[in-house]
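Colleague: quick one, fold the following:
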Amino acid sequence: MDDKLALVVPTLNEAKNIGTVLRRVRDNLDSLRLDYELLVVDDDSADGTTQVVERLSAEDGRIRLLSRKGTKGLAGAVIFGWAHSDANLLGVIDADLQHPPELLPALLHAVGEGKDIAIASRYVNGEPESTSGWNPLRRLISMMSTWITMPLQRREIRVRDPLSGFFVFRRQCIEGLELQRQGFKLLLEILVRGNIRSVAEVPYQFGLRHAGDSKAGLRVGLDYLHLLGRLSRHAFSKTGQA
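Modeller: Now for the predicted structure:
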């Protein structure tokens with residue numbers, strides 16, 4: 001079976017960014033010999049995001065718009081998109097231009113070379129350079145949020161940026177799993193619970209939001225704490241069985 005990529009781009013009021021994101025993604029994927037589709041999963045945007053995507057989809061059938069009504073959440077949107085594709089390679093990239101689409105060839109190369117998952121990492125080459133432009137409080141929160149995941153990760157595949165929102169992996173890694181649909185930190189659950197034996201981290205410079213508003217807030221923090229509790233129970237049960 002030839003590889004096919006389903007790249008999910010979750011959106012909520014990203015009309016000012018989505019056209020540029022999709023153009024840059026296509027520019028980079030078109031340079032590869034790879035079948036792909038771009039799944040824009042929109043959570044009922046009110047700023048014209050869907051109209052922009054519909055126009056682009058009419059020009060390129062590889063762009064598909066999937067709309068969700070009455071529900072929101074990045075993890076749920078990503079899972080929803082993956083479920084609407086038969087691709088054997090799955091990925092996700094943000095719509096706010098903080099994730100550089102130019103990194104996609106490197107991520108796909110790592111998976112093509114045999115890695116189960118390839119992660120765009122802010123920290124693999126050192127934290128300060130990759131997160132320039134962040135204020136000190138944001139840096140501290142990010143470092144602490146990452147640090148507390150270390151006891152949950154399996155030693156043989158421990159990564160430096162388990163909270164990344166930009167990654168590509170093989171569908172077989174999550175077959176049979178019911179992933180948590182609340183919150184933003186989907187990668188961490190895949191690393192802890194997925195059938196993953198090998199990981200590649202590809203360094204990149206985390207960009208600043210181009211336009212629109214950040215979706216981070218108190219709810220995101222609460223969802224993250226809930227996920228940590230759930231994964232802690234999973235990790236403890238595995239340790240107890242060992």
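Colleague: CA only for contacts and neighbour counts going forward, please
Modeller: Will do.
Colleague: what ranges does this protein have for its strands?
Modeller: With DSSP state E, the ranges of strands along the chain come out as 4-11, 35-42, 63-67, 89-92, 117-121, 167-170, 199-203.
Colleague: partners of the fifth one in the sheet?
Modeller: The pairing partners recorded for strand 117-121 under DSSP bridges are strand 167-170 (antiparallel), strand 199-203 (parallel).
Colleague: what does it rub up against?
Modeller: Applying C-alpha atoms under 8 Å, 6 or more residues apart in numbering, the external contacts of strand 117-121 come out as 103, 107-108, 110-111, 160-161, 164-170, 196, 198-204.
Colleague: the fourth one too?
Modeller: By C-alpha under 8 Å, 6+ apart, the surrounding residues in contact with strand 89-92 are 3-10, 78, 82, 165-171.
Colleague: out of these, which end up buried?
Modeller: With burial judged by 16 or more other C-alpha atoms under 10 Å, the buried subset of these is 4-10, 78, 82, 165-171.
Colleague: for this protein, which spans come out with low pLDDT?
Modeller: Along the chain, segments meeting pLDDT under 70 span 1, 125-145, 147, 151, 207-242.
Colleague: what's the most centrally placed residue in it sitting at in phi/psi?
Modeller: For the chain, residue 165 is the residue whose C-alpha lies nearest the centre (C-alpha atoms, centre = their mean; 3.3 Å). Per-residue torsions, residue 165: phi -110, psi 20 (degrees, to the nearest 10).
Colleague: ok, it - contacts?
Modeller: Residue 165 neighbours (C-alpha under 8 Å, 6+ apart): 92, 93, 94, 120, 184, 185, 186, 187.
Colleague: I'd like the residues you listed as TSV, with distance to residue 64 and neighbour count appended.
Modeller: Shown next, in TSV, are the contacts of residue 165 (distance: C-alpha to C-alpha, whole Å; neighbours: other C-alpha atoms under 10 Å):
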residue	distance to residue 64	neighbour count
92	14	23
93	15	24
94	16	19
120	24	27
184	22	24
185	24	21
186	22	23
187	23	20
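Colleague: taking those residues one by one, which sit in helices?
Modeller: 186, 187 (DSSP state H).
Colleague: which among the contacts of residue 165 gets closest to residue 156?
Modeller: Closest approach between the contacts of residue 165 and residue 156, by C-alpha to C-alpha: residue 187, at 16.4 Å.
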